[in-house]
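Student: Predicted coordinates and the sequence they were generated for:
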Amino acid sequence: MSFYERGPVRIRYEETGSGFPLLLIAGGGLNSTIAGLSGPSSPFNPIEEFKAEYRCIASDLRNANAGQSSGPLEVDRPWDAYTDDHLGLMDHLGIGKFMVLGFCIGGPFIWNLLRRAPDRVVAAVLAQPSGSRPEMRDLFYDNNMKGWGPELVKRRPDVTMETVDKFLTKMYRTNPDFVFTVTRDFVRNCQTPVLILPDDIPAHPYAVAMEAAMLAPNAEVSMFPWKEPKERIPLAIRQIRSFLRAHRPVAA
């Protein structure tokens, strides 16, 4: 277990394997942790699948209730605060260019990484990415006000539910559309190769995943559904492996 610190922020991370760096972002929303990558909610364990070829790097999200990362709630820039942590960790490890694979909330995080560090992210895989449904705009706000905020407040006397409300409002209600972190115009002009594996549950809308795949000029998309029956998952993993190999820098 290792920690990276920057001012009041403390991020727990793990490295496994060797090769070209692959940042892994677990699902689980604001409770995303390293353990989530191997947990029952993850369709497959990316560390086990890719550690033989890649230097896999994963971290507990800042203030995830079951994790060991902590830091302030930056109510004016929630998405960017998390992206600071991802990029800061890469800086701490001396990594310039890297690839990224993220589940669920990893989708919006990846788009923000592509916006903030287009010269560093070589290729990205978005598995069952989160997105905003017009008929359920407050889904993430409501879920986190119930399932994340109260537990955080119990653990952190310096955080109130009023602060949580402001944080989640900025994160999910100020621009409650598409993939939350970037515009359709950004995706349309994004040259980074992306592979999208759509899902279709309330938090992972199929329509948003496919719209992003169709807009991004260098996007590929998996078959759908790719998680059911379970026998299809190895095929999806094979596609991810081929995609990553195709875009891994030759020097690596």
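Tutor: Sure thing, it's come through. Residues are numbered from 1 along each chain as shown.
Student: For T183, give its distance to L215.
Tutor: Between T183 and L215 the distance is 10 Å, computed by Cβ to Cβ, to the nearest Å. C-beta here means a position set from N, CA and C on the backbone, and glycine is covered the same way.
Student: now do A246
Tutor: A246 is 21 Å from L215, by Cβ to Cβ.
Student: The two - which one has more neighbours?
Tutor: Using other Cβ atoms under 10 Å, the more surrounded residue of A246 and L215 is L215, with 16 against 11.
Student: and the more buried one, what is it in contact with?
Tutor: Counting by Cβ atoms under 8 Å, 6 or more residues apart in numbering, L215 makes contact with 184, 187-188.
Student: helix, strand or coil for the closest residue to S2 other than its chain neighbours?
Tutor: Nearest residue to S2 in three dimensions, chain neighbours excluded: Y13, at 5.6 Å (Cβ to Cβ, 6 or more residues apart in numbering). Following DSSP: H, G, I helix; E, B strand; the rest coil, Y13 is assigned to strand.
Student: Quickly list what Y13 is bridged to.
Tutor: In this entry, Y13 is beta-bridged to S2, S59, by DSSP bridges.
Student: That one: how many residues sit nearby?
Tutor: Around Y13 there are 20 residues (other Cβ under 10 Å).
Student: how much space between it and N112?
Tutor: Distance of Y13 to N112, computed by Cβ to Cβ: 19 Å.
Student: and what of P193?
Tutor: Distance from P193 to N112, counting by Cβ to Cβ: 17 Å.
Student: What of A216?
Tutor: Counting by Cβ to Cβ, the separation of A216 from N112 is 15 Å.
Student: So for the two, which sits in the more crowded spot?
Tutor: Taking other Cβ under 10 Å, A216 and N112 do not tie; A216 has more neighbours (24 against 21).
Student: Hmm, the more buried one is touching V187, no?
Tutor: Yes. Counting by Cβ atoms under 8 Å, A216 does reach V187; the two are 5.1 Å apart.
Student: before we move on, what SS does A52 have?
Tutor: Applying three-state DSSP: A52 is coil.
Student: List the contacts of the closest residue to it other than its chain neighbours.
Tutor: Spatially, and ignoring its direct neighbours in sequence, A52 is nearest to G17 (6.4 Å; Cβ to Cβ, 6+ apart). Contact partners of G17, counting by Cβ under 8 Å, 6+ apart, are 47, 50-56.
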